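Visitor: Below are the sequence and a predicted model; questions follow.
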Amino acid sequence: INNFHIYGQVNLGLYKRFSGYKPFLYNVTVDACRFYHNPRSNPVAGYFYDFFKKFSNMNHSCPYDHDLFVDKLTAEWINDRFSRILPFPEGNYLIKMDWIAYKIKRASVHLYFSLS
């Protein structure tokens, strides 16, 4: 995401594949700046943020006026989060994140994975 000033929201949804991807457990929208200032304010968003924070440069409060990236996120890390930290049933999943700034969707990130 290039030069993305976050003065907005992130919508995060978890989907599980049942004859197509269907909403599964979580769909939250958080004020990104407030969340980064106090990550404990939303435990669900915090759980998902913990997935990639150690692999990302999203490690400070707003504003973000530089490129954002996630690098070298491993399957083992995701499996650990979904099997040991908070166990989920086996299956195919999608994590969808919509990044919204100034009420305009600026980016949509889809992460597909399987737990077996």
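Guide: On my side now, so go ahead. Being a predicted model, the structure only gives us computed values, none of them experimental.

Visitor: and the most centrally placed residue in the chain, what helix or strand is that in?
Guide: What sits nearest the mean C-alpha location of the chain, by Cα atoms, centre = their mean, is residue 48, with 5.0 Å. Assigned by DSSP states H and E, residue 48 falls within helix 43-52.

Visitor: before we move on, the earlier item: give me every residue that touches the residue nearest to the centre of the chain.
Guide: The contact partners of residue 48, taken as Cβ atoms under 8 Å, 6 or more residues apart in numbering, are 12, 14, 26, 95. For the C-beta atoms, the positions are set from N, CA and C on the backbone; glycine is no exception.

Visitor: In a markdown table, list these along with neighbour count.
Guide: What follows is the contacts of residue 48, written out as a markdown table (neighbours: other Cβ atoms under 10 Å):
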| residue | neighbour count |
| --- | --- |
| 12 | 22 |
| 14 | 20 |
| 26 | 14 |
| 95 | 18 |
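
Visitor: Out of those, give me the two with the largest separation.
Guide: The span of the contacts of residue 48, defined through Cβ to Cβ, is set by 26 and 95 at 9.2 Å.

Visitor: hey, what's in contact with both of these two?
Guide: Contacts common to residue 26 and residue 95, judged by Cβ under 8 Å, 6+ apart, are 12-14, 48.

Visitor: still on that earlier bit, continuing past the helix holding residue 48, what's the next helix or strand?
Guide: Following helix 43-52 toward the C-terminus (DSSP H and E): helix 75-80.
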